[in-house]
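[1] heads up, no residue letters with this:
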């Protein structure tokens, strides 16, 4: 798991790699498996330089935290500007949806 995730990063951006491996949040029901955080941390340690800071934490309520976060996001004022509607899909088509880029305006 860890190797696949880290190989996706550019090897030239060491600062980004360090920031990402120092703030790993596990969420979802599967993170409740015993020993998963230790396994992820061990996997990352094998591919990061010795002494690199690695922090893996589990969400307080991993089963529902993602849903709560999505709910807060959907209730935010900027939400309508950041999403596409069903009407957009029907008017502009499937090709438009493939090219649609989520714009971060948080």
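    Looks like it arrived, so ask away. Since the model is a prediction, treat every value here as computed from it, not as a measurement.
[2] so what's the residue count around residue 13?
    A count of neighbours around residue 13, defined by other CB atoms under 10 Å, yields 11. No exception for glycine: its C-beta is placed from N, CA and C like everyone else's.
[3] low-scoring stretches of this structure, by residue?
    1-12, 100-106 (pLDDT under 70).
[4] so which residue of it lies furthest out from the middle?
    Most distant from the centre of the chain: residue 91, at 30.4 Å, with distances by CA atoms, centre = their mean.
[5] report the separation between it and residue 85.
    According to CB to CB, to the nearest Å, residue 91 and residue 85 sit 9 Å apart.
[6] sorry, back to before: now name the helix or strand holding the residue farthest from the centre of the chain.
    helix 86-99 (DSSP states H and E).
[7] run the chain-centre distance for that helix.
    The gap between where helix 86-99 is centred and where its chain is centred comes out at 25 Å by CA atoms, centre = their mean, to the nearest Å.
[8] ok, residues contacting it?
    Helix 86-99 has contacts (CB atoms under 8 Å, 6 or more residues apart in numbering) with residue 84.
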